[in-house]
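Enquirer: below are the sequence and a predicted model; questions follow.
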Amino acid sequence: MQGDTHILSSWHVCVRGTSTGICGGGVLITPEHVLTCAHVVQNALGHPHGAHQPPDGSLMVEFPLLAPNRPVECRVEHNGWFPLDGQRGDLAVLRVAGPLPHGTRPAPLRPRPRLPGPVQVYGHPADGESGRWATATAVGPSGRGGEWVQLDVSGSLAVVKGYSGCGVIDPNSGEVIGIAVSRDHVSDTVAFMVPVDTVSGYWRLPRTAPVEDRDDWALDDIRLTTEVLLDLRGIRNDAERRMYITLFERDFAIRVPRYDGDREGARSLAHACLKQPGGMHVLLEHLNRGHDSDELLPLKRIVEVSPPPILDREDRRELFAMLAAVDPRNIPFERLEASMGPAGAELDGEDDLLEIARHLEARAVGPDRVPPLFVYLQQIANLLQHLNLQQWVRKVAARQPFDPAALASAVAQAETLRLDPRRPFCTVELTEHGLDEDRYLVQVSAEDGASSEWRHLLLADDRACALSEVPARLEGALSRGPLRRGHALPRAVEFVLPRRLLSSPVDTWPIGSANVSYPVGIRFEVVVRSKERVTYGSLHPQWWDKWMQVDDRLGDAQVEWGTQAEASSGALLARMMAESSGTCLVVGHDPVEHTDPNQDIVRIAWESGVPIMLWCRDERDPEEFRRAVDGLLDTGGVLGLRKHVKDLRSEAMATGDPAHLGRHLTLLWDDPERALPPDPAFDPPR
């Protein structure tokens, strides 16, 4: 990889000053953040080097190898400023304020570099606007506390001004192990870098780990596969091994780190094959051409117990070629949340179509045995009217063991369902006043679900109020513009309430503006949450366990129906504590607080970990209520309840019928990932 600019074109940036040209470089570390040196930012903005406060202005960065002359505006992240302090710090994290060029992606980061070891840096010295490579040896720790690593520069080009902030690369793997930070003032052959390990101590980086730790496969599987590969003459030969790696990379559109040693190279290939669905099968196909059948028997035994791939090699190559040509900026990814499932949350960037496809291929079974990959691809094809992708889905799906009608049904279900973890929401927390149990302290906060670091406190009253006064305070808080400029209004309002208030008709509380008043439940998805469950750590293990089982694919199998008679007899507690019990408890009446916790339906739900409850606050005909709830669950299952309950509340207002079910439903939705409301001590009102 010596001098190969392809490995860094998608993440390498240069930082430009307002009048000084290129001041240094940087590394795209997330789809929204660039890592560089604090002194590079100070030089670009003319900010004094002795100042400890971050500069206020914006600066421009470019991806010179990908989209030259297309500047992108950035600003220093509010918690990303760490100026030089002796031989410590000198880091800055920039937040991208404009759209990135197509083809960008965060750099592969690697902590714990091998010392000593060769490294490369691509920078922009004063006389090299287009950039130049410098080579060095990472020798060992240096600076105060060993935060930096010394680089002994080789060759004729020193690491001078213009290299600061640029990614330091392991030439064997192409991974970024740090950023260049400074040169020695005594010798031009000595420079320094801030390694990834040190950076992560200042600012939380995306998940990084050495190759051998970066997967869910047991180390024993990797060791066994490595030993089997080392018995093959084509793997022991360095040139042939690199050929097989190249073929594998073409099949899966990934980069496999290369190492000089036979064992290290075989281990890297074993890791890649085990990580990719069908990877072992594809490698065996390639090895069949150059090895005897008997020689491959141990590898064939591994392949026999490996999960079979959904796609064959040609299908995968054709698909990846089409996805690579798609500009992700043309895709409304919120429309794909349901088919992507948790993939978006696990990946560094939700707009990496290839990585999402690889991730979903590993999830082999979905609704009606339709793999989520096909639902995801069919949605993209429909959204973009991509005829070739539509034809590909039809062709490959025809060879799969599921009914084509099931795919259409799964796509229709995904279109109506929206997962909620990364959408804006407001939290309204009521705390009982110690001296008067009928008065409450009110705290209202907003969180931009797309950036969990950002929370904003809208109201933190230290004056207790009666319950009847809360709607007015809520309306005042919501009218203050709860989220940052350019962001959507909250989609949900979550009321965190003590047990005795859980059945309060908070969804009917009036809000509005310009003298127009309407129930909060027709504007937002209104749910209640259990303040006690948030507070009591002893309830958290079973809560998390049940939440991980929430899955729209299970449909009615997730729903349990309960009555006060069952609770009083102990039958409900016994049923809900069973391991096979559902994740949603539906009750056809108001589950009033009971003096005996063993007979309190809500407390039974807490103890069993059930995160979702739905009940009617008035008395209903049981059969009529059951039919109504079945109708809510028909499309979207349990995960669709928030949206469908909101729709039912809107329908109730439209009909004007005071007895309409939509006026009397309470939905408890306890997401443990948002277990604690923001602490006002860290986010004062603005």
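Expert: Thanks, I have it.
Enquirer: in stretch 230-239, what counts as buried?
Expert: For stretch 230-239, burial by neighbour count (16 or more other C-beta atoms under 10 Å) applies to 230, 232, 234-235. Every residue, glycine included, has its C-beta placed from N, CA and C.
Enquirer: one more: stretch 305-319?
Expert: For stretch 305-319, using 16+ other C-beta under 10 Å, the buried residues are 306, 309-313, 316, 318-319.
Enquirer: do the same with stretch 264-277
Expert: Buried residues in stretch 264-277 (16+ other C-beta under 10 Å): 264-277.
Enquirer: okay, now the domains of this structure?
Expert: In terms of domains, the chain is parsed into 1-207, 213-304, 313-416, 425-526, 529-674 (source: automatic domain parsing).
Enquirer: tell me the helix or strand right after the lowest-mean-pLDDT helix or strand in the chain.
Expert: Lowest by mean pLDDT, DSSP states H and E among the helices and strands of the chain is helix 343-346, with a mean of 38. Next helix or strand after helix 343-346 toward the C-terminus (DSSP states H and E): helix 353-361.
Enquirer: and that next one, what does it pack onto?
Expert: Counting contacts by 3 or more C-beta pairs under 8 Å, 6 or more residues apart in numbering; DSSP states H and E, helix 353-361 packs against helix 313-324, helix 337-340, helix 343-346, helix 372-384.
Enquirer: on that earlier part again, need the max-distance pair from the buried residues of stretch 305-319.
Expert: 306 and 318 (22.8 Å; C-beta to C-beta).
Enquirer: tell me the helices and strands packed up against the strand ranked longest in the chain.
Expert: Longest strand in the chain, counting residues (DSSP state E): strand 67-82. Packing partners of strand 67-82 (3+ C-beta pairs under 8 Å, 6+ apart): strand 33-36, helix 38-45, strand 59-63, strand 91-96.
Enquirer: how far off centre is it?
Expert: How far strand 67-82 lies from its chain's middle: 21 Å, per C-alpha atoms, centre = their mean, to the nearest Å.
Enquirer: can you list the strands that that strand pairs with?
Expert: strand 59-63 (antiparallel), strand 91-96 (antiparallel) (DSSP bridges).
Enquirer: touching, residue 98 and residue 62? I think so.
Expert: No - Residue 98 is not in contact with residue 62 according to C-beta atoms under 8 Å; the separation is 11.7 Å.
Enquirer: pull up the overlap in contacts between those two.
Expert: residue 72 (C-beta atoms under 8 Å, 6 or more residues apart in numbering).
Enquirer: compare the two (neighbour count), which wins?
Expert: residue 62 (19 against 12; other C-beta atoms under 10 Å).
Enquirer: measure that one to residue 263 for me?
Expert: Residue 62 is 41 Å from residue 263, where distance means C-beta to C-beta, to the nearest Å.
Enquirer: so how far is residue 379 from residue 315?
Expert: 18 Å.
Enquirer: residue contacts, residue 381?
Expert: Residue 381 sits in contact with 389-390, 393, where contact means C-beta under 8 Å, 6+ apart.
Enquirer: let me know which of the helices and strands packed on strand 67-82 is tucked in deepest.
Expert: strand 33-36 (a mean of 27; mean count of other C-beta atoms under 10 Å).
Enquirer: that one pairs with which strands?
Expert: Counting by DSSP bridges, strand 33-36 is paired with strand 22-30 (antiparallel), strand 91-96 (antiparallel).
Enquirer: residue 254: which of these is closest?
Expert: strand 22-30 (18.4 Å).
Enquirer: so residue 574 sits in a helix?
Expert: Yes - judged by DSSP: H, G, I helix; E, B strand; the rest coil, residue 574 forms part of a helix.
Enquirer: what number of residues lie near it?
Expert: With other C-beta under 10 Å as criterion, residue 574 counts 12.
Enquirer: check what pLDDT it gets.
Expert: Note on residue 574: pLDDT of 91.
Enquirer: same deal with residue 632?
Expert: 86.
Enquirer: how about residue 256?
Expert: 83.
Enquirer: and the gap between it and residue 29?
Expert: With C-beta to C-beta as the criterion, residue 256 and residue 29 are 22 Å apart.
Enquirer: so who does residue 64 touch?
Expert: 12-14, 124, 130-131.
Enquirer: before we move on, back to that, which of the helices and strands packed on helix 353-361 sits closest to residue 533?
Expert: Nearest to residue 533, of the helices and strands packed on helix 353-361 and by C-beta to C-beta, is helix 343-346 at 22.5 Å.
Enquirer: can you tell me the average pLDDT over stretch 111-118?
Expert: Here the average pLDDT along stretch 111-118 is 79.
Enquirer: and that stretch, how far out from the chain's middle?
Expert: The answer for stretch 111-118 is 29 Å, by C-alpha atoms, centre = their mean.
Enquirer: on that earlier part again, okay if I get the buried residues of stretch 305-319 as CSV plus pLDDT and distance to residue 137?
Expert: Converted to CSV, these look like this (pLDDT from 0 to 100; distance: C-beta to C-beta, whole Å):
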residue, pLDDT, distance to residue 137
306, 72, 40
309, 76, 42
310, 78, 45
311, 83, 43
312, 82, 45
313, 80, 40
316, 85, 39
318, 88, 43
319, 89, 42
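Enquirer: where do the helices sit along the stretch 51-200 of the chain?
Expert: Along the stretch 51-200 of the chain, counting by DSSP state H, counting those that start in this stretch, helices occupy 196-202.
Enquirer: now the strands for it?
Expert: 59-63, 67-82, 91-96, 117-123, 132-142, 148-154, 167-169, 176-183, 190-195 (DSSP state E, counting those that start in this stretch).
Enquirer: looking at those strands, which one is packed in the most?
Expert: strand 167-169 (a mean of 30).
Enquirer: looking at the strands of the stretch 51-200 of the chain, which is nearest to residue 224?
Expert: strand 117-123 (27.8 Å).
Enquirer: so what are the sheet partners of the closest one and their directions?
Expert: strand 132-142 (antiparallel), strand 167-169 (antiparallel).
Enquirer: I'd like to check the angle between the longest one and strand 148-154, please.
Expert: Computed by axes from the mean of the first three to the mean of the last three C-alpha atoms, to 10 degrees, the angle separating strand 132-142 from strand 148-154 equals 140 degrees.
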